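Asker: Sequence plus predicted model, see below.
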Amino acid sequence: MPYSGFLASRFEKIFLDEPLRKYLYENNITAENYLSHQESLKALFPDEESFRAFIGAYLTKTGMLSYHQFLRVPQKIDLFLHPRYIQQDLHIHDFYEIKYLLQGSGTVHIASDIIFLKQSDFCLISPYVPHSSEVYTDDAIMINIVLPSEHLPSILPRVLGFSNIFRDYFSQEQTFSGDRRFLSLSTKDNPEIRQSIQSMLDYYSAPGGRSVPGYLMTEAALEQVFLRILALQPIENKKGEEPDEEHPSLDSITGYIREHLQNVSLADVAALLHFSESYTSRYLKKKTGYTFQMLLLILRMEQAAKLLKETDWPVDQIANEVGMSGRTNFYKQFRSFYGMSPAEFRAHIPDSTPV
């Protein structure tokens with residue numbers, strides 16, 4: 001499926017033409033080695049000015065994106081094709097992002113997690129989660145959808161109106177600020193979901209698609225996608241499990257872990273819940289999507305970032321305060337989580353507000 005019409009002109013302007021992107025990918029052009037390819041690269045541009053503009057754009061980290069860069073009133077969501085052959089840096093943004101493989105395969109990197117997406121797979125990424133994604137074959141078509149938090153109630157009223165995995169996911173997002181959460185699901189190549197996604201592309205590509213009716217049809221199609229995905233999910237069998245209302249709230253559990261970051265263990269949390277360790281592990285995985293160790297790491301990194309922002313403590317003191325043993329391990333985990341070292345994170349705090 002070739003890019004055409006509005007989408008083609010948009011991506012040629014923003015992401016350069018595909019042959020150039022393919023050349024960059026096949027020759028593994030990076031910030032470290034581009035000088036050795038400089039003459040070959042220059043030959044791909046019509047003049048020196050456009051070549052220099054490319055160098056500035058391609059070799060500069062993306063930084064943090066805001067949905068205000070994508071949306072124009074009264075638009076509430078946006079969607080576009082992910083450019084092929086882009087070696088994307090880790091970046092963050094202030095909106096949910098949906099990745100959908102309309103065709104082919106691709107990857108999404110979220111810190112140490114690598115999500116391999118195949119045709120019709122769906123991945124929902126939370127705001128402020130460092131990530132990158134790539135598609136490296138000629139036939140792959142990855143759809144990116146921009147979904148701001150503030151517009152969720154008006155775009156997904158039916159989805160948020162009853163208990164389901166998406167409502168739980170969006171609710172939990174309010175519990176952990178700055179964590180690495182994502183939700184990856186297979187749509188089982190459902191033709192109706194594919195058609196809804198294709199309809200969204202058609203609305204935006206058609207003449208007059210960038211209009212109030214076009215925006216509203218796109219929003220309606222997106223809610224259909226969410227509802228159709230829910231219809232494919234198996235109904236959970238809760239037989240034999242203790243009622244949720246008898247358990248401490250998730251906030252109280254995470255609050256307990258936060259207060260004991262230096263030495264908390266799964267056994268401690270199990271004692272708090274009056275469960276066995278194995279059941280506690282399953283319970284936390286079900287409620288948060290994470291194992292106990294991953295949840296503990298998330299909360300430790302969140303607290304470390306808070307201390308870097310609010311204190312002038314040395315990094316070693318902060319590592320000890322959040323229960324991270326070993327300077328090397330703390331630096332490795334922090335960089336994996338936030339895409340930068342603790343010192344770089346602290347230095348960028350004044351510049352962290354989206355433009």
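Answerer: Yep, that arrived. Numbering: from 1, shown residues only.
Asker: Residues touching the strand or helix carrying residue 294, excluding its own?
Answerer: If you go by DSSP states H and E, residue 294 is part of helix 292-310. If you take CB atoms under 8 Å, 6 or more residues apart in numbering as the criterion, helix 292-310 is touched by 176-180, 254, 257-258, 261, 264, 266, 269, 280-281, 284, 288, 290, 313, 315, 318-319, 321-324, 330, 333-334, 337-338, 342, 345-346, 349. Every residue, glycine included, has its C-beta placed from N, CA and C.
Asker: Quick check: buried residues in it?
Answerer: 292, 294-305, 307-308 (16 or more other CB atoms under 10 Å).
Asker: tell me the contacts of residue 190?
Answerer: With CB under 8 Å, 6+ apart, residue 190 has these contacts: 120, 228-229, 232.
Asker: Compute the distance between it and residue 206, please.
Answerer: 24 Å (CB to CB, to the nearest Å).
Asker: again, but for residue 272
Answerer: From residue 272 across to residue 206, the span is 56 Å (CB to CB).
Asker: same deal with residue 301?
Answerer: As judged by CB to CB, residue 301 and residue 206 stand 44 Å apart.
Asker: about what we covered before: between the contacts of residue 190, which sits nearest residue 41?
Answerer: residue 120 (36.3 Å; CB to CB).
Asker: I figured the closest one hits residue 187, correct?
Answerer: Yes. Contact between residue 120 and residue 187 holds when scored by CB atoms under 8 Å: they sit 4.7 Å apart.
Asker: what residues do the two have in common as contacts?
Answerer: Common neighbours of residue 120 and residue 187 (CB under 8 Å, 6+ apart) are 193-194.
Asker: Residue 224 touches residue 198, doesn't it?
Answerer: No. In this structure, residue 224 is not within contact of residue 198 by CB under 8 Å, at 11.9 Å.
Asker: and the residue nearest to the spatial centre of the chain, bridged to which residues?
Answerer: Residue closest to the mean C-alpha point of the chain, counted by CA atoms, centre = their mean, is residue 125 at 3.0 Å. Beta-bridge partners of residue 125, counted by DSSP bridges, are residue 97, residue 182.
Asker: Please look at it and residue 100 and confirm they touch.
Answerer: No. Judged on CB under 8 Å, residue 125 makes no contact with residue 100 at a distance of 11.9 Å.
Asker: now the helix holding residue 294: how far from the chain's centre is it?
Answerer: 18 Å (CA atoms, centre = their mean, to the nearest Å).
Asker: Next: stretch 144-154.
Answerer: 13 Å.
Asker: can you list the residues that contact that stretch?
Answerer: Stretch 144-154 is contacted by residues 67, 70-71, 76-82, 94-100, 127, 155, 160, 170, 173, 200, 219, 222 when judged by CB under 8 Å, 6+ apart.
Asker: For the helix or strand hosting residue 216, buried residues please.
Answerer: Using DSSP H and E, residue 216 sits in helix 212-232. For helix 212-232, the neighbour count (16+ other CB under 10 Å) marks 214-215, 217-219, 221-230 as buried.
Asker: likewise stretch 158-171?
Answerer: Buried residues in stretch 158-171 (16+ other CB under 10 Å): 159-160, 165-170.
Asker: what mean pLDDT does that stretch have?
Answerer: On average, the pLDDT along stretch 158-171 is 88.
Asker: Between the two ends of that stretch, how far is it?
Answerer: This stretch, stretch 158-171, spans 15 Å end to end (CA to CA, to the nearest Å).
Asker: Residue 197 versus the closest residue to residue 103 other than its chain neighbours, what's the distance?
Answerer: Spatial nearest neighbour of residue 103, excluding adjacent residues (CB to CB, 6 or more residues apart in numbering): residue 141 at 4.2 Å. Residue 141 is 10 Å from residue 197, where distance means CB to CB.
Asker: Looking at the two, which is more packed in?
Answerer: residue 197 (25 against 21; other CB atoms under 10 Å).
Asker: send the alpha carbons of the helix or strand that the more buried one is a member of over as CSV?
Answerer: Element membership for residue 197 (DSSP H and E) is helix 191-205. This file holds the C-alpha atoms of helix 191-205, laid out as CSV (Å, rounded to 0.1, in the frame of the first residue of the first chain):
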residue,chain,number,x,y,z
PRO,A,191,-11.1,-7.4,9.6
GLU,A,192,-13.5,-4.9,11.2
ILE,A,193,-10.7,-3.4,13.3
ARG,A,194,-8.5,-3.1,10.2
GLN,A,195,-11.4,-1.5,8.3
SER,A,196,-11.9,1.0,11.2
ILE,A,197,-8.2,2.0,11.1
GLN,A,198,-8.3,2.2,7.3
SER,A,199,-11.4,4.4,7.5
MET,A,200,-9.6,6.8,9.9
LEU,A,201,-6.8,7.1,7.3
ASP,A,202,-9.3,7.6,4.5
TYR,A,203,-11.1,10.4,6.5
TYR,A,204,-7.9,12.3,6.9
SER,A,205,-6.6,11.7,3.4
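Asker: Kindly spell out which helices and strands sit in contact with that helix.
Answerer: Counting contacts by 3 or more CB pairs under 8 Å, 6 or more residues apart in numbering; DSSP states H and E, helix 191-205 is packed against helix 5-15, strand 78-81, strand 96-103, strand 141-147, helix 212-232.
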